[in-house]
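[1] requesting a structural model of the entry that follows:
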Amino acid sequence: MTTDADAPAFNLLDEPWIPVRNLAGEVVPVSLTKALLNARAYVAIAETSPPNLIALYRVLLATLHRALTTHHGPWKDADRARWFREGLPETPIRAYLEQWRERFWLFHPTHPFMQVAELTDAPETREDKALRPWTQLTLDHVSGNAPAVFDHSIDDAPTRISYAEGIRSLLGYLQFVPGGMVRRFRFRDESGPLDNASAILPIGKTLAQTLCLALHSWSRDASNDLPPWEINPPSAPDLRGARATLPTGQVDACTRLTRAALLVADGEKGSIGVSYVRFGAGLTLESHDPGFPDEMVAYRRRGETKISPITFQDGRALWRDLPALLPSSELAYHAPAVISHALNCLEHVDVDQAMSFMAAGTASDPVQCKVFRWRIEQIQLPCSLVTNPDSVAELRGHVSMAEEFVFKKGGLSSLLAQFVAESLPDSGNADTRERARDIRDRSPFATVYFLNAERALPKLMQQLAAGEIEAADREWKTALEKGARDAWETVRRSLGDSPAALRAEAKTYPRFIGLLKSLTPPIDEPMTEEVNP
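    As a prediction, the model looks like this:
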């Protein structure tokens, strides 16, 4: 393989760079061509980094959508259902990949894949001192003033990674990069389309089924929704003057060059890989806008003009946000359109299967512009539940019940804070109450409570899907009551058995019992026959 700067190298249509799990359970790297054409032979993409994983799926979906749009023509849900059963159509995919083959070179003098070749000559990035270590493009490695607990590399002596790792890291970075200082071309730049969000992806039994479920619909405007490899790369003046714009469509959102980057091939001592990258501000995307919500993101509405994405905040489990993920007419949420695409596809497939979807993403600090958490979760829902509006409303109500019991005024959270405060000197003081809330929040009371609810969730969904509303309500409340009792006991044990702690419990426990009564179903009194004397 050549690494001559004037010659193309590492074509992503031929080289293995996407890790997939085959039907035998083995993880193997494959090319982009094989990932699409042999998608029925693979279970899923096997990338371990959540940002890179979602980005790989989005690139495959964008490529598939463009192939079908340009070489197949309009398609409907019935077509997606046929591809779901029989496999993706080979002819339009082959034609599209051959048409744009020259744009899939990772190293190309003018059109490197998802990169900006002009960074080699631009005054801001052409000097060797402008080179950044490849860790600039990752969210879990040390770079600049962003430390990582388990990474001890330094910018002046970066390690070398393979070309495959380099492009996967770049794709994940472009989608999840937090906003912040860039200093090249512009001082700062906005975040990527999935920053501080959990991306939702419906999951099939094979990679082909997953792509069919998540494929966004054909539209007449799709001809203007283009990925970077179909248009001319941005010039240095374009980057200097770029302003935030809405995406032209979902393909643009999945592939926008939110930062300008150029991998630098390193063939030192016969070891081919990437150690450095040229880097600068990119084509800013106006994300989380009500005018164009990303189809893989669930949102909460903030008034009439603002929305905020559902994210992995404070270790919050995804099931607690189920009301925001399921399609409904409720105005407080905006469900991800990808769930509707999957349901429309499954309605045309003559199988009664559960609907699985994965959520993967990051949580970041918008002030410090740093990622502090990423996670992957998977949830399985009965299709009969998701497609029944009444069952969805019941599920939403029961999940909301679990939240309100803890966080409503006078709920479990505030009662536990009072319990802790009563065990401290000068319990009526504002500083004491603040300290009590801090002690409560440091305890695992919420984890203990919601873990009980999470264990009961699968049965709740099965009962709601079967129409067993009363049994579902009774058993769900029983699980919440057990969770509340376990949470109370967790805090009680943390306070010990001092006289002050025992007095505090004696003072607050009656209120706790009163709170539990809201979860206790009324006892039906037996009917007695009236006897005349």
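[2] could you point out the longest helix of this structure?
    Of all segments of type helix in the chain, defined using DSSP state H, the longest is helix 469-495.
[3] for that one, packing partners?
    With contacts taken as 3 or more Cβ pairs under 8 Å, 6 or more residues apart in numbering; DSSP states H and E, helix 469-495 sits against helix 389-407, helix 412-422, helix 445-465, helix 499-516. Bear in mind the C-beta positions are built from the backbone N, C-alpha and C, glycine included.
[4] how about it: buried residues?
    Under the neighbour-count criterion of 16 or more other Cβ atoms under 10 Å, helix 469-495 has 472-473, 476-477, 479-484, 487-488, 490-492, 495 buried.
[5] and for stretch 28-43?
    Within stretch 28-43, the residues scored as buried using 16+ other Cβ under 10 Å are 30-39, 41-43.
[6] looking at those residues, which are in strands?
    Using DSSP state E, the subset of the buried residues of stretch 28-43 located in strands is 30, 42-43.
[7] how about the strands of the stretch 301-450 of the chain, start to end?
    Taking DSSP state E, counting those that start in this stretch, the strands of the stretch 301-450 of the chain run over residues 306-309, 333-334, 354-365, 370-382.
[8] next, the angle from the longest helix of the chain to helix 412-422.
    Helix 469-495 runs at 20 degrees relative to helix 412-422, counting by axes from the mean of the first three to the mean of the last three Cα atoms, to 10 degrees.
[9] what average pLDDT does helix 469-495 get?
    Throughout helix 469-495, pLDDT has a mean value of 95.
[10] next one: that helix to chain centre, how far?
    29 Å (Cα atoms, centre = their mean, to the nearest Å).
[11] and if you look at stretch 186-206?
    6 Å.
[12] wait, isn't Asp14 in contact with Ser31?
    Yes - if you go by Cβ atoms under 8 Å, Asp14 and Ser31 touch, sitting 5.4 Å apart.
[13] one step back: so which of the buried residues of stretch 28-43 would you say is closest to Glu286?
    Nearest to Glu286 among the buried residues of stretch 28-43 is Leu32, at 28.6 Å by Cβ to Cβ.
[14] does the closest one really touch Trp100, like I thought?
    No - the criterion here is Cβ under 8 Å, and Leu32 misses it with Trp100 at 10.9 Å.
[15] one step back: any idea which of the helices and strands packed on helix 469-495 is most buried?
    helix 412-422 (a mean of 22; mean count of other Cβ atoms under 10 Å).
[16] need the residues that contact that one.
    By Cβ atoms under 8 Å, 6 or more residues apart in numbering, the list of residues contacting helix 412-422 from outside reads 405-407, 427, 432-433, 435-437, 439-440, 443, 445-446, 449, 484, 487-488, 491-492, 495, 503-505, 507-508, 511-512, 515.
[17] again, only this time at 6 Å
    406-407, 427, 432-433, 436-437, 439-440, 445, 484, 491, 504, 507-508, 511-512 (Cβ atoms under 6 Å, 6 or more residues apart in numbering).
[18] then stretch 387-398?
    Stretch 387-398 has contacts (Cβ under 6 Å, 6+ apart) with 323, 326, 328, 385, 464, 476.
[19] ok, the fourth one - how many residues close by?
    This means Leu385. By other Cβ atoms under 10 Å, the residues close to Leu385 number 22.
[20] which pLDDT value goes with it?
    Leu385 carries a pLDDT value of 84.
[21] could you point out which element follows the helix or strand harbouring Pro237?
    Using DSSP states H and E, Pro237 falls within helix 236-240. Next along the chain after helix 236-240, taking DSSP H and E as the criterion, comes helix 250-255.
[22] which elements pack onto that following helix?
    Judged by 3 or more Cβ pairs under 6 Å, 6 or more residues apart in numbering; DSSP states H and E, the packing partners of helix 250-255 are helix 50-71.
[23] list the buried residues in the next helix or strand after the helix it packs on.
    Next along the chain after helix 50-71, taking DSSP H and E as the criterion, comes helix 77-86. Within helix 77-86, the residues that count as buried by 16+ other Cβ under 10 Å are 77, 79-84.
[24] helices or strands up against helix 77-86?
    In terms of contacts (3+ Cβ pairs under 6 Å, 6+ apart), helix 77-86 is packed against helix 207-214, helix 337-347.
[25] quick one: mean pLDDT over it.
    Averaging pLDDT along helix 77-86 gives 93.
[26] how far away is Gln136 from Asn38?
    As for Gln136, its distance to Asn38 is 34 Å (criterion: Cβ to Cβ, to the nearest Å).
[27] can you get me a residue count around the residue nearest to Arg240 when sequence neighbours are not counted?
    Distances taken as Cβ to Cβ, 6 or more residues apart in numbering place Phe185 nearest to Arg240, at 5.0 Å, with adjacent residues excluded. Phe185: 26 surrounding residues under other Cβ under 10 Å.
[28] ok, now Ala95?
    Using other Cβ under 10 Å, Ala95 is surrounded by 13 other residues.
[29] got it, and His334?
    Other residues near His334 come to 19 when the count uses other Cβ under 10 Å.
[30] ok, it touching Val297?
    No - here His334 does not reach Val297: they are 8.6 Å apart, not a contact under Cβ atoms under 6 Å.
[31] got a list of what Met355 touches?
    Met355 neighbours (Cβ under 6 Å, 6+ apart): 381, 383, 386.
[32] from Glu403, how far out is the first one?
    Leu381 sits at a distance of 19 Å from Glu403 (criterion: Cβ to Cβ).
[33] next one: Glu165
    40 Å.
[34] Val274 should be in a strand, yeah?
    Yes - with DSSP: H, G, I helix; E, B strand; the rest coil as the criterion, Val274 is located in a strand.
[35] does it have beta-bridge partners, and which?
    With DSSP bridges applied, Val274 shows beta-bridge pairing to Ile161, Ala265.
[36] next one: Arg300
    Beta-bridge pairing for Arg300 (DSSP bridges): Ser308, Tyr333.
[37] surely it touches Ser308?
    Yes - Arg300 lies in contact with Ser308 (Cβ under 6 Å); the separation is 5.3 Å.
[38] so those two - more neighbours on which side?
    For Arg300 versus Ser308, the count of surrounding residues by other Cβ under 10 Å is larger for Arg300: 15 against 12.
[39] what separates the nearest residue in space to Pro425 that is not next to it in sequence from Ile167, distance-wise?
    For Pro425, ignoring the flanking residues on the chain, the nearest one in space by Cβ to Cβ, 6+ apart is Thr432 at 7.4 Å. To Ile167, Thr432 is 55 Å away according to Cβ to Cβ.
[40] next: Gly496.
    Counting by Cβ to Cβ - Gly496 and Ile167 are separated by 55 Å.
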